[in-house]
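Colleague: give me a model of this one.
(one chain, ligands or ions: 2)
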Amino acid sequence: ATPTSIMVGTGRAAEMGVLFRKGDALQLLQESTVVALDKTGTLTAGKPALTDMIVLPSRDVADVLRLVAAVEGKSEHPIAEAIVADALAKGLGLPEVDGFDSITGYGVSARVDGHAVLVGADRLMTREGVDLGALSAQGEALARKGKTPLYAAVDGQIAAVIAVADPIKPSTPAAIAAFHALGLKVAMITGDNQRTAQAIASELGIDHVIAEVLPEGKVAALEGLRVGDGKLTFVGDGINDAPALAAADVGIAIGTGTDVAIEAADVVLMSGDLVGVVNAFDISQRTMRNIR
Ligand code: ADP
Ligand code: MG
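Modeller: Ligands and ions are numbered 1, 2, ... in the order given. Below you'll find the predicted structure:
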């Protein structure tokens, strides 16, 4: 492509809300063979809601939810917001907590009403030596439906499994179909549960899933997707995505993203969904092949 056609291409892209921050991104997009997508906030809305709560027969549901929501009230994770919103909607008052601790990618803990409360992924329970017992199978069943299972323990004993579900953005299925039509392999990278991620990926026809990735592991997960000389495009929205956006051959930050993500990206979308990513690929192919 000539410098003029690249100028025309980036201009046309800008009119469609696709901002190229680096000139060579148009070329590198056309050479991409893999598009890797962050799950939460990119494929999904990033606004989970509580869908299920199963407590052991020896426990009271409202009691456990009160304790759990009190701890989550100190967390800024979207999962925490979902749990707190559910407790408040049920009219529960949240007690004071102390000794709050958050372990990225695992979950949260604190003392509430004299009890030690833990809430998080199964790996948090494993790490703290809490046996999931019969709730393990229940959590796995919820995960197979594409929901994220979180476990709650009180004083070192498993008490409940809580599921949250994050709706897939309406535009996502068509975008995945368009990536496939462009000949791209589609991958998903997420910190979420392996079974949950697999269920969502199967529903969407995603080719490759890397789940239970800690924030610091995203770049390594991305590099593992490289195939030969093919270029790698990564799409994300969050603060956690900035290193992967920078490491990819083309990093695309979607519209609702944080400033940190936008700063690390080669391409920035005005819109909050994957339609802009499809447009970016489309424009790069047309420009590089000099098609009008
Ligand atoms: P992602 O952004 O892909 O969801 P995170 O690293 O933020 O990845 O979270 C990974 C997992 O850690 C979550 O799916 C959840 O199981 C657990 N987790 C993180 N924060 C919390 C929280 N506040 N309460 C309960 N679980 C949490
Ligand atoms: Mg995200």
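
Colleague: how about the residue in the stretch 1-150 of the chain that ligand 2 sits nearest to, what does it touch?
Modeller: Closest to ligand 2 within the stretch 1-150 of the chain is residue 41: 3.4 Å, counting by CB to the ion. C-betas here are computed from N, CA, C, even on glycine. When contacts are counted by CB atoms under 8 Å, 6 or more residues apart in numbering, residue 41 touches 236-238, 254, 256-257.

Colleague: and the two most separated of these?
Modeller: 236 and 256 (11.2 Å; CB to CB).

Colleague: okay, these two: which has more neighbours?
Modeller: Ranked by neighbour count (other CB atoms under 10 Å), residue 236 and residue 256 place residue 236 first, with 31 against 16.

Colleague: state the pLDDT value of that one.
Modeller: pLDDT recorded at residue 236 is 93.

Colleague: surely it and residue 247 touch.
Modeller: No. Residue 236 is not in contact with residue 247 according to CB atoms under 8 Å; the separation is 11.0 Å.

Colleague: quick check: the gap between residue 267 and ligand 1.
Modeller: 21 Å (CB to the nearest ligand atom, to the nearest Å).

Colleague: tell me the spacing between that residue and residue 191.
Modeller: Residue 267 is 23 Å from residue 191, where distance means CB to CB, to the nearest Å.

Colleague: looking at those two, which is more packed in?
Modeller: residue 267 (27 against 21).

Colleague: sec struct for the residue nearest to that one when sequence neighbours are not counted, please.
Modeller: Distances taken as CB to CB, 6 or more residues apart in numbering place residue 252 nearest to residue 267, at 4.5 Å, with adjacent residues excluded. Here residue 252 takes the strand state, with states given by DSSP: H, G, I helix; E, B strand; the rest coil.

Colleague: quick one, what contacts the closest residue to ligand 2 within the stretch 151-292 of the chain?
Modeller: Going by CB to the ion, ligand 2 is nearest to residue 238 of the stretch 151-292 of the chain, at 3.9 Å. Residues near residue 238 by CB under 8 Å, 6+ apart: 38, 40-41, 257-258, 261.

Colleague: for the stretch 51-200 of the chain, what spans make up the helices?
Modeller: Applying DSSP state H, counting those that start in this stretch to the stretch 51-200 of the chain gives helices spanning 61-72, 78-89, 122-127, 135-144, 172-181, 194-204.

Colleague: give me the angle between the fourth one and helix 194-204.
Modeller: To tie it back to what came earlier, the one meant is helix 135-144. 20 degrees (axes from the mean of the first three to the mean of the last three CA atoms, to 10 degrees).

Colleague: go on, the fifth one?
Modeller: Angle, helix 172-181 to helix 194-204, by the same axes, to 10 degrees: 70 degrees.

Colleague: before we move on, what about the first one?
Modeller: Orientation of helix 61-72 against helix 194-204 (the same axes, to 10 degrees) gives an angle of 90 degrees.

Colleague: from the rest of the structure, what touches helix 61-72?
Modeller: Contacts for helix 61-72 (CB under 8 Å, 6+ apart): 53, 55, 79-81, 83-84, 86-88, 90, 92-97, 100, 108-110, 112-113, 115, 117, 119, 152, 154, 159-160, 162.

Colleague: how far does stretch 142-153 stretch from one end to the other?
Modeller: 18 Å (CA to CA, to the nearest Å).
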